[in-house]
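>>> sequence first, predicted coordinates after that:
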Amino acid sequence: MPQAKSATKRPLTYQEVWGRVGIYAFLGVLALFFLLPLYVMLVTSFKSMDEIRLGLIFSLPQQFSIDAWIKAWTSACTGLECTGLRVGFGNSVKILVPSVIFSILLGAINGYALSFWKVKGANVLFACLLLGSFVPYQVFIYPLVRFYAQTGIYGSLSAIVLTHIIFGMPVMTLLFRNYYSGLPVELFKAARIDGAGFWRIFISIILPMSVPIAIVAVIMQVTAIWNDFLLGLVFAGRENLPMTVQLNNIVNTTTGERAYNVNMAATVLTSLVPLTVYLVSGRWFVRGIASGAVKG
Amino acid sequence: MGAELTRHVKRNLVAYIALLPMAVVVIFAYLGTMAWSVRLSFSSSKLLPRNDFVGIAQYLTLFDTPRWLTSLGNLVIIAFFFLLICFVLGTLLAIFIDQNVRAESLFRTVFLYPYAMSFVVAGLIWQWILNPDLGIQHTMHGLGFSGFVLDWVVNSKMVLYAIILATVWHGSGLVMALILAGLRGVDTEIWRATRIDGIPTWRVYLSIVLPMLRPMIITSLVLLSISIVKMYDVVVAMTNGGPGTASEVPAKFIMDNLFERANIGLATAASTVMLVTVLLVMAPVIYSQYFRKSGRAS
Amino acid sequence: MSSVSLQNLEISYGNVAIVKNLDLTIQDGEFLVLLGPSGCGKSTLLSAIGGLADVSGGRILFNDKDVTWTDPKDRGIGMVFQSYALYPTMSVERNLSFGLRIAGIDRAIIEKKVKWASELLQIDHLLDRKPSALSGGQRQRVAIGRALVRDADIFLFDEPLSNLDAKLRAELRLEIKKLHKTLKSTMIYVTHDQIEALTLADRIAVMKDGLIQQLDTPLNVYNKPANEFVGSFLGSPAMNKVKGELVAEGDRLFFADGAFRLDVSRYPFAQKIESGRKVVLGLRPEHILPARGETQAIEGKVSLIEPMGSSILAWSIFDGISLSHLVGQDDGCEADRTFPVTIDIQKASFFDVDTGWRL
């Protein structure tokens, strides 16, 4: 039969061909729109100020220079202090590490207790917690400031870490509770029959199974806490201002001519941590958004 | 009954202790602070909190303050366009990516990366691009188009749209990611059935698939709404409320009155208004989204 | 009304051939069942007939008209899926009518068709409900209804009953059979369930690895399996299989495996068999009968019995060979006792030990 082998591929109609072209054109144009700011920041950060004054924000640097990056990192000024962004970077790390560890640990314990144990009133508490995560921070901020001032920790590292733990709790608890609800309850029952108690089951059985969700939690908390501006501004105090706040100060408080190349290098530097987390984590990042479904 | 309760608590004592931190946080850090904020809104507090009671005086002042009314109006405009554009754009992106395109993961990465960055960064970048002395307008002038005008960030009529542009750039990837995840979850047999039924692809999305993705759509709209109500960083970084008060938003109004203008009573009144609004809007959504499928704990 | 003819059909994904050089003709009004284990290509084949999977070679003809590249909606088919594939946000009525509305058919005609189909399937009282408010059986009725209103000449069923429990499955099986009797349409039905295949089919095509192993009536497929695979795939409890040798003694032929010997002279071999040929003997449990004093009876020691309700499945050892056989409740078969049986060798099957094909 001659025609038997000829029909290997369905011929595309004109309509289908144009459809494909349209799809790629749409996606391509929008991809350019999304990439534009990043591109502008990168090329500008490698230019000299003379070149920036010339205009042409989209052109590639004629003389490639990393001076702006060095300046942004080591000697950019906030007001009178010219210490560079590295101070803010250090502060952000100091805030980030304990906040992430404690908020995830607490979230795991809460989620575990909520999904496997019978605690009267726990679901009401959880409901309040979730509701709280929808309320703008502005409602809580002032009383918290007063509370920290009373206890003498206002403007210290402990204050900002504690604040991140408080405001990270709804998402973390929800994340772990939903994950644990998907685990077979027989596992828990079998461990109970074997005589294991609350902590024993948590440490020996539940925690080892929590690795995937813990990764998601780390991704979510690292990006959220690193990107935080408001809480750092209010609670961290002068000594511990996180990178985002310092960045805004560098960019928006300078007098005289603005050093756009330094500012843009500083902006890219500030985005580097969450951007790296995002690029490395790939699908996990999306999973975080989808399973958390509430963001503080 | 009493003995039974004691036995129950005894059996699960450790679980009660383990949930203590959560209970403390909920009762003090969430409910307590909320209550105190509301309480302060009925006082005459200025620089320091006072325990007097002035009724709704602060609220009357608040709604007589042009800056607050502007903030509210701005928020409504920003929220409307932001949600609409994010939803439409994000959904379209998801649907287009779902057409078996090459380099799919590259497109996904590009559309979502802004969401991983801070609002401060988003604000700063777009401020520069729209800045007449540096960005697109400057470039066009440099190219010889001296009549070209793109001055959104310094034009009090257009500044809100500059903010909308920055926030859409930041947030529409979220809708794309959630909807795309939803599209991938649709039973392939549904798609096969629609081909047998001869339903055009656009019609399948509109009449069958998108209605099926209602939970995803609600989730993404809720997430975006929260971020827009809390919106503070992006405005501070981009315009600091200016020019004049043209881009003031409620969250910034509250912060300014708390920490710069020393008007705690007014600020807490404003935050109470936000609180009530959010609770009224969100309560039914939260209920239907999170509590209908409650855990197995009982 | 339509006949379906597949010529030299090839379907592959990348380099993996799912269906290989397949020829099959389905008569107008025939009920053909594609039966096989998962991964045998039966569902892919059905998708190709429906226009949902691209073929990489060969032709598909409906009534001698080439439809290989015709759009699914223009093929005059209705299809019913395993997961029902109902549009979850639409009411039953809307599910039934949606395709017709899109096609721009007159409202009055749509209404009439929906009424006819829903009455035929006894779902007319459910028209306002959403699929989520229906039971599995009702959902599948709606899915069938959606195929009905399309005025299809050919109905394609892709494991339609697999998600249902045993009782509903039996009920809907009967329903589909009645439907076929009423409509007299061509129906092609994919399943891995042999009971569905045996009860519904005019002809069964047993498939494995993308090839049709046997295409015949249910009775022939069951009684005269074309090869070892077909023999063991059909039948529950499963067919006994014993490897051994055929030995001629005078004008008689014996099957032998160690001490086990069986006179098989009366088996209708399709070809001349030389002595010493290695074969596989396939014996269905119901063809080993309790002996009623016949001389040919052989005696086995019962090792285990499994009561199955209407009958009992006994496992006995006959000269070192373990065979399962069916006995009646009153036959007095007990474990650890001896029990005499006779073997109906005419209903047995012999397969070549290497190729597995029937001898």
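Perfect, thanks for sending it.

>>> what is the neighbour count of residue 77?
Picking chain A for this. 17 (other C-beta atoms under 10 Å in any protein chain shown). (Each C-beta comes from the backbone N, C-alpha and C, glycine too.)

>>> oops, chain C please
Using other C-beta under 10 Å, residue C:77 has 26 neighbouring residues.

>>> got the phi/psi numbers for the closest residue to it other than its chain neighbours?
Closest residue to residue C:77 apart from its sequence neighbours, by C-beta to C-beta, 6 or more residues apart in numbering or on different chains: residue C:154 at 4.8 Å. Backbone torsions of residue C:154, given as degrees, to the nearest 10, read phi -130, psi 130.

>>> go on, residue C:304?
Dihedral angles for residue C:304 - degrees, to the nearest 10 - are phi -160, psi 140.

>>> who does it bridge with?
With DSSP bridges as the criterion, residue C:304 is bridged to residue C:315.

>>> report pLDDT for it.
Looking at residue C:304, its pLDDT stands at 91.

>>> who's in contact with it?
Residues near residue C:304 by C-beta atoms under 8 Å, 6 or more residues apart in numbering or on different chains: C:314-315, C:335.

>>> can I get the buried ones among those residues as something I can paste into PyMOL?
Buried subset of these, written as a PyMOL selection, criterion 16 or more other C-beta atoms under 10 Å in any protein chain shown:
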select buried, chain C and resi 314+315
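
>>> which one of the contacts of residue C:304 sits closest to residue A:224?
Nearest to residue A:224 among the contacts of residue C:304 is residue C:315, at 64.6 Å by C-beta to C-beta.

>>> tell me the predicted confidence for that closest one.
94.

>>> same check on residue A:295?
As predicted, residue A:295 sits at a pLDDT of 37.

>>> check which helix or strand the most centrally placed residue in chain C maps to.
For chain C, the residue sitting closest to the mean C-alpha position, by C-alpha atoms, centre = their mean, is residue C:197 at 3.1 Å. Here residue C:197 sits within helix C:194-200, counting by DSSP states H and E.

>>> what residues sit buried inside that helix?
Result for helix C:194-200 [16+ other C-beta under 10 Å]: buried residues C:194, C:196-198, C:200.

>>> thinking again about what came up before, what's the separation between the residue nearest to the centre of chain C and chain B?
Applying C-beta to the nearest C-beta, to the nearest Å, the value for residue C:197 to chain B is 21 Å.

>>> residue A:170 now?
9 Å.

>>> would you list every one of the helices in chain A?
A:14-45, A:49-53, A:67-74, A:86-116, A:122-134, A:138-151, A:157-181, A:185-193, A:198-201, A:211-227, A:230-235, A:243-253, A:260-281, A:283-292 (DSSP state H).

>>> ignore the last one, the stretch 1-150 of chain C
Using DSSP state H, counting those that start in this stretch, the helices found in the stretch 1-150 of chain C span residues C:42-50, C:92-102, C:107-120, C:136-148.

>>> and the helix ranked longest in chain C, how far out from the chain middle?
Ranked by number of residues, the top helix in chain C under DSSP H is helix C:166-183. Distance of helix C:166-183 from its chain centroid, counting by C-alpha atoms, centre = their mean, to the nearest Å, is 15 Å.

>>> what is the burial count for the residue nearest to residue C:42 when sequence neighbours are not counted?
Among residues not flanking residue C:42 along the chain, residue C:34 sits closest, at 4.1 Å (C-beta to C-beta, 6+ apart). Neighbourhood size, residue C:34 [other C-beta under 10 Å]: 27.

>>> and residue C:125, by the same measure?
Quick note: residue C:125 (other C-beta under 10 Å) scores 10 neighbours.

>>> what of residue C:74?
By the criterion of other C-beta under 10 Å, residue C:74 has 10 neighbours.

>>> if I look at the nearest residue to it once chain neighbours are set aside, how far off is residue C:257?
With C-beta to C-beta, 6+ apart as the criterion, residue C:74 has its nearest non-adjacent residue at 7.5 Å, and that residue is residue B:198. In this view, residue B:198 and residue C:257 are 59 Å apart by C-beta to C-beta, to the nearest Å.

>>> repeat that for residue C:84.
49 Å.

>>> neighbour count: those two, which is higher?
More neighbours surround residue C:84 than the other of residue C:84 and residue C:257, with 25 against 16 (other C-beta under 10 Å).

>>> any idea how far residue B:164 is from that one?
The spacing between residue C:84 and residue B:164, counted by C-beta to C-beta, is 43 Å.

>>> contacting residues for residue A:205?
Counting by C-beta under 8 Å, 6+ apart, residue A:205 has contacts A:187-188, A:191, A:196.

>>> does residue B:95 count as helix, strand or coil?
Following DSSP: H, G, I helix; E, B strand; the rest coil, residue B:95 is assigned to helix.

>>> per-residue pLDDT of residue 110, please?
Just so you know, I chose chain A. For residue A:110, the model assigns a pLDDT of 95.

>>> the intended chain is chain C.
95.

>>> try residue B:296
40.

>>> check residue B:264 too.
92.

>>> from memory it sits against residue B:49, does it?
Yes. Assessed by C-beta atoms under 8 Å, residue B:264 is found in contact with residue B:49 at 6.1 Å.

>>> okay, and the common contacts of these two?
With C-beta under 8 Å, 6+ apart as the test, residue B:264 and residue B:49 both reach residue B:40.

>>> more neighbours, the two?
Between residue B:264 and residue B:49, counted using other C-beta under 10 Å, residue B:264 has the larger neighbour count: 25 against 17.

>>> and the more buried one, what does it touch?
A:142, B:40, B:45-49, B:257-258 are the contacts of residue B:264 under C-beta under 8 Å, 6+ apart.

>>> go on, residue C:28?
Residue C:28 makes contacts with C:1-3, C:63, C:186, as judged by C-beta under 8 Å, 6+ apart.

>>> any stretches of chain C with poor pLDDT?
C:1 (pLDDT under 70).

>>> could you chop it up by domain?
C:4-226, C:240-352 (automatic domain parsing).

>>> reformat those domains as JSON lines; add distance to residue B:230.
Output for those, formatted as JSON lines (distance: least, C-beta to C-beta, whole Å):
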{"stretch": "domain C:4-226", "distance to residue B:230": "32"}
{"stretch": "domain C:240-352", "distance to residue B:230": "67"}
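
>>> and these, which is most packed in?
domain C:4-226 (a mean of 19; mean count of other C-beta atoms under 10 Å in any protein chain shown).

>>> gap between that one and the chain center?
That offset, for domain C:4-226, works out to 14 Å (C-alpha atoms, centre = their mean).
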